[in-house]
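K.L.:
Dropping a prediction and its sequence here:
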Amino acid sequence: MILSVLQVAAVAVIAFYLVRWRIAAGRRNAQTWNSLLARLRPDWSGRDLSEHFLWKEGLSATPEDAWQRMEGAKGLWAMHQNARVMLEMADFAARNSDGVDRLLVETLRSDAIQIRLLVMVALVKYAFTQASEGVRVNAFRAAQMYTGMAARMTQLLQDHAALVVPDFVAAM
């Protein structure tokens, strides 16, 4: 009797998850470019992290300096959210353009996942140890990847949708 109830419950949970996943996929596919741009965090920008933000990879700051410029946990959380949006932008570009470099899109996806992971590790460490050296180093690595991802996203847009580059630059 208990085994039957557990089986029914497991099937119900899996069915619920699959329905939610399908609804989320439908919403994601129905998004417009402007709705994606609107989801980028307007209250924080990575421009302070690099002199050539959006145009060239790399930071012009030390880990301590980057921590101050990104405003600590606030900047980390903004990078976490913006990485997800840029991942969806890369998917949008891949769906809506025939000539998109698939390797570049896969690199953007990989970067977004790594940024989100690094940020979560840094935030967990920050919750337990405040701004220790390990937190600042993880934040610095996330910021480095973030500026690289933003530069690659700009390159993708310049190559395939040059008209939207000014909107992207303004939103970042």
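P.N.:
Right, received. Where do you want to start?
K.L.:
ranges for the helices of the chain?
P.N.:
Secondary structure of the chain (DSSP state H): helices at 2-29, 33-39, 63-69, 73-96, 102-129, 133-160, 165-171.
K.L.:
Figure out which of those is closest to Ser45.
P.N.:
helix 73-96 (8.4 Å; CB to CB). Where C-beta positions appear, they are placed from N, C-alpha and C, glycine not excepted.
K.L.:
Could you tell me the average pLDDT over that closest one, please?
P.N.:
Helix 73-96 shows a mean pLDDT of 85.
K.L.:
Kindly report the same for stretch 102-119.
P.N.:
87.
K.L.:
Can I get the helices of the chain in JSON lines including mean neighbour count?
P.N.:
Listed next are the helices of the chain as JSON lines, based on neighbours: other CB atoms under 10 Å:
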{"stretch": "helix 2-29", "mean neighbour count": "10"}
{"stretch": "helix 33-39", "mean neighbour count": "15"}
{"stretch": "helix 63-69", "mean neighbour count": "18"}
{"stretch": "helix 73-96", "mean neighbour count": "20"}
{"stretch": "helix 102-129", "mean neighbour count": "17"}
{"stretch": "helix 133-160", "mean neighbour count": "21"}
{"stretch": "helix 165-171", "mean neighbour count": "15"}
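K.L.:
Pop the domain breakdown of this protein in here.
P.N.:
Listed by automatic domain parsing, the domain ranges of the chain are 1-30, 40-171.
K.L.:
how far away is the residue nearest to the spatial centre of the chain from Ile23?
P.N.:
In the chain, the residue lying closest to the centroid (CA atoms, centre = their mean) is Ala83, at 0.8 Å. Here the criterion is CB to CB, to the nearest Å. By it, Ala83 lies 23 Å from Ile23.
K.L.:
Show the contacting residues for the residue nearest to the centre of the chain.
P.N.:
Contacts for Ala83 (CB atoms under 8 Å, 6 or more residues apart in numbering) come out as Asp111, Ala112, Ile115, Arg116, Val119, Tyr146, Met149.
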